[in-house]
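S.K.: could you look at this predicted model? Sequence included:
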Amino acid sequence: MIKLIETISDLNLETISKIWLDSNLDTHDFIEKDYWLKNYPAVKNTFPTAKIYVYYHNDEIVGFLGMIDNYIAGIFISKDFRSLGIGTQLLNDVQAAYSKLTLSVYQKNERAYHFYLKHGFKVIKNELDLETNEIELFMEWAV
């Protein structure tokens, strides 16, 4: 079940923060672990200001999609629940609610890149992320 969290509880904040960190460490092995650990507190502080679409399995949050305006800040799924269509369900819900969406994805994160291509996103530009020294692809989807 997918639900938009309007007001995030402390428990939900801890859960999604852990999913965010674990997912980034798992899927971005080309970026130093310290980068994610260093950014963890700042990202955790932004969650209450974002729109968070969560996916529940047996009343437990196992994934989420974060939105800031029409920008998808990311889709993050607990390791045991990846490749089960949860990301697609979250993205479909958001695509039904917006006429235009943007996001960025690291070029080396090929799985995510191909996922977004499959769902109609197109690369509009790429540039070097100076913090990670990795190429980021900026993508856009519109109705």
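M.R.: Now that the structure is in, tell me what you want to look at. Residues are numbered from 1 along each chain as shown.
S.K.: following the lowest-mean-pLDDT helix or strand in the chain, which helix or strand comes up?
M.R.: Within the chain, no helix or strand scores below strand 2-5, which has a mean of 94 by mean pLDDT, DSSP states H and E. Where DSSP states H and E defines the elements, the next helix or strand beyond strand 2-5 is helix 10-27.
S.K.: does anything pack onto that following helix? Which helices or strands?
M.R.: Contacts defined by 3 or more Cβ pairs under 8 Å, 6 or more residues apart in numbering; DSSP states H and E place helix 10-27 against helix 33-46, strand 51-57, strand 60-68, strand 71-77. The way it works is simple: take the backbone N, C-alpha and C, and place the C-beta from them, glycine included.
S.K.: can we see that at 6 Å?
M.R.: helix 33-46, strand 71-77 (3 or more Cβ pairs under 6 Å, 6 or more residues apart in numbering; DSSP states H and E).
S.K.: dihedrals phi and psi, the residue of the chain positioned farthest from its centre?
M.R.: Here the chain reaches farthest from its C-alpha mean at Asn58, the gap being 21.5 Å by Cα atoms, centre = their mean. Dihedral angles of Asn58 (phi, psi; degrees, to the nearest 10) stand at phi 50, psi 50.
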